[in-house]
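In: no sequence on this one, just coordinates:
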């Protein structure tokens, strides 16, 4: 609970015009801020000599054990107070938003933007295009650098914020401006080079579009980024996603099987050469390229420490490796009672989960597992990943056809909004409509085996 606000007895110095600050919405009982008398409704203006504009300022400047804070009450009266705490101990303040500021939106109009391919009528939050450098550091989001100022870059360097995840797409400035629909997108690469010179670690993403930034342009991007190692610490190449809602948009198409195979060979060749010189492959193709081209997946060791797992790089190799380990460690005892489960997933993952299900059935007496691939009628059949399966498609393709003790769903289907699918169907609605228990399962081989056995 936030303490009751009382008029401040401290200095009535007027607020400096233009001061930013962040309004305090909560003070944790017993915290350093609470002991110092900070109150809900006051605005935190400065820590020491530093203006507080957002969460990065707050987290960076509050780490010392002795602090001088400047706050203003709701009438604008300013007071200063000293706080003693353990170094790096949190002050115990909360604010209206996590960032203590508005989220920064994207200024680009990328030809491949998936948000532009969403149909009308979805919840408003799905249409927001995030391009916020603070969320890159704090949450792992990818940014384009196009809405950074020189001051923003100065602050990243000053605070030693690292790593930063960057959507590069191409190192050809003119092509980058064209692909991103922003005449300044090529110029923004200057920010990238400033960060490199400062030693900031960078993870880079290339969304590949056939006929635009693949082939010779991909070769150029790999060479240019490879020359910036070790500041550039990883590169992923992911294929463009093409939904059925592209009317009036740039004429993109998915990669063919042969084109996807060419990308895999090109990136693996670069990785082989780079590894001989530097001991790391640096660049990796997303799993979708291997699946589309029907190429064999590399061994799990190929992906090193999985630097871009969240970009779909190495997910299949890691999942299957973990599952084999979990199954090898299983003691072989039969289940307490026969158990039948159904796994529903996107089409792209179905063959791998089928293999895992058959292996589990062979090892675990009493287990029966069926894997159902959910066709994406909502976005179009070119979209095959589990994370874009909607509740409507799930219900349409499973209703009246389930005979199981439990339905297993990947958490990726709901991770963006907690318990909602992309089309606003809730997990509770799915449970009621299907009349079965539903369990969400992380993309982890050990978690999959636990779910299969009901543990």
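Out: Arrived safely, thanks for sending. Since the structure is predicted, the reported quantities are computational estimates derived from the model, not experimental observations. Numbering: from 1, shown residues only.
In: contacts and neighbour counts: CA atoms only from here.
Out: Will do.
In: got the buried residues for stretch 157-165?
Out: 157, 161-165 (16 or more other C-alpha atoms under 10 Å).
In: then stretch 233-245?
Out: In stretch 233-245, counting by 16+ other C-alpha under 10 Å, buried: 233-243, 245.
In: which neighbouring elements make contact with the least confident helix or strand in the chain by mean pLDDT?
Out: Lowest by mean pLDDT, DSSP states H and E among the helices and strands of the chain is helix 133-139, with a mean of 77. Under the contact criterion of 3 or more C-alpha pairs under 8 Å, 6 or more residues apart in numbering; DSSP states H and E, helix 133-139 touches strand 142-143, strand 164-167.
In: what's in contact with the longest one?
Out: Contacts of strand 164-167 from elsewhere in the structure, counted by C-alpha atoms under 8 Å, 6 or more residues apart in numbering, are 133, 136-137, 140-145, 200-207.
In: who's in contact with the helix or strand following that strand?
Out: Following strand 164-167 in sequence order, the next helix or strand is helix 173-180 (DSSP states H and E). For helix 173-180, the external contacting residues (C-alpha under 8 Å, 6+ apart) are 108-112, 169-170, 183-187, 189, 213.
In: got the contact list for the closest residue to residue 427 other than its chain neighbours?
Out: Distances taken as C-alpha to C-alpha, 6 or more residues apart in numbering place residue 419 nearest to residue 427, at 5.5 Å, with adjacent residues excluded. Counting by C-alpha under 8 Å, 6+ apart, residue 419 makes contact with 426-428.
In: including neighbour count, pLDDT and secondary structure, could those go into a markdown table?
Out: Output for the contacts of residue 419, formatted as a markdown table (neighbours: other C-alpha atoms under 10 Å; pLDDT from 0 to 100; DSSP: H, G, I helix; E, B strand; the rest coil):
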| residue | neighbour count | pLDDT | secondary structure |
| --- | --- | --- | --- |
| 426 | 18 | 92 | strand |
| 427 | 19 | 94 | helix |
| 428 | 11 | 93 | helix |
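In: just put the residues you listed in JSON lines and tack on distance to residue 39.
Out: Below are the contacts of residue 419 laid out as JSON lines (distance: C-alpha to C-alpha, whole Å):
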{"residue": "426", "distance to residue 39": "38"}
{"residue": "427", "distance to residue 39": "39"}
{"residue": "428", "distance to residue 39": "39"}
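In: quick one, longest helix in this structure?
Out: Longest helix in the chain, counting residues (DSSP state H): helix 257-278.
In: so for that one, what gets flagged as buried?
Out: 259-264, 266-268, 270-271, 274.
In: same thing with stretch 44-55?
Out: Neighbour-count burial for stretch 44-55 flags 44-48, 51-55 (criterion: 16+ other C-alpha under 10 Å).
In: take those residues and keep only those in strands.
Out: 44-47, 51 (DSSP state E).
In: beta partners for the spatially closest residue to residue 307 that is not a sequence neighbour?
Out: Nearest non-adjacent residue to residue 307, counting by C-alpha to C-alpha, 6+ apart: residue 234, 6.5 Å away. Counting by DSSP bridges, residue 234 forms beta bridges with residue 203.
In: pLDDT weak spots in this protein?
Out: 1-20, 415-418 (pLDDT under 70).
In: gap between residue 448 and residue 386?
Out: 15 Å (C-alpha to C-alpha, to the nearest Å).
In: and for residue 396?
Out: Applying C-alpha to C-alpha to residue 396 and residue 386 gives a distance of 16 Å.
In: how about residue 178?
Out: 31 Å.
In: so which of those two has more stuff around it?
Out: residue 386 (24 against 18; other C-alpha atoms under 10 Å).
In: now that one. Nearest residue, chain neighbours left out?
Out: Looking at residue 386 with C-alpha to C-alpha, 6+ apart, the closest residue is residue 346, at 4.0 Å.
In: bridging residues for that neighbour?
Out: Under the criterion used (DSSP bridges), residue 346 bridges to residue 374.
In: contacts for whichever strand or helix holds residue 207 next, please.
Out: In the assignment (DSSP H and E), residue 207 maps to strand 202-208. Residues outside strand 202-208 that contact it (C-alpha under 8 Å, 6+ apart): 142, 162-170, 196, 214, 231-240, 308.
In: if you set the cut-off to 7 Å instead, what comes out?
Out: 163-170, 214, 231-240 (C-alpha atoms under 7 Å, 6 or more residues apart in numbering).
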